[in-house]
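# Model the structure of this input:
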Amino acid sequence: MYAIVRAGGRQEKVAVGDVLTVDRLAGEPGDDVRFTPVLVVDGSTVTSDADALSSLVVAGEIVEDLRGPKIRILKYKNKTGYRKRQGHRQALTKVKITKIGK
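Numbering: from 1, shown residues only. Modelled structure (predicted):
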């Protein structure tokens, strides 16, 4: 059984026991998290009806908070001496999926 869930503006394919990395979620490691299922596949049965999905839940547990890789941003304009350097590291959360179902 697997599900497609909406997490952090993206859709992720998850199964029970999977660990996925999403944008930072509020909570401490060990807290429970619920995701909105978009599609659930159970063997040959595919559930995509909004009414049926409203009764299903995809639950997970926060494993850890971390930061993504450093992204370097450089702006440069020719012949003017303008240079600007900036960096960014995205705040991320690792979540372990514990339950798909009712």
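# Skipping adjacent residues, who's closest to Glu64 in space?
Lys94 (5.1 Å; C-beta to C-beta, 6 or more residues apart in numbering). For the C-beta atoms, the positions are set from N, CA and C on the backbone; glycine is no exception.
# So what sits opposite that neighbour in the bridge?
Thr21, Glu64 (DSSP bridges).
# ok, now which ones touch it?
19-21, 62-66 (C-beta atoms under 8 Å, 6 or more residues apart in numbering).
# Other residues contacting the helix or strand bottoming out on mean pLDDT in the chain?
Least confident helix or strand of the chain, by mean pLDDT, DSSP states H and E, is strand 45-47 with a mean of 78. Applying C-beta under 8 Å, 6+ apart, the contact partners of strand 45-47 are 39-41, 53, 56.
# Just the buried ones out of those residues, please.
Buried members of those, counted by 16 or more other C-beta atoms under 10 Å: 40-41, 53.
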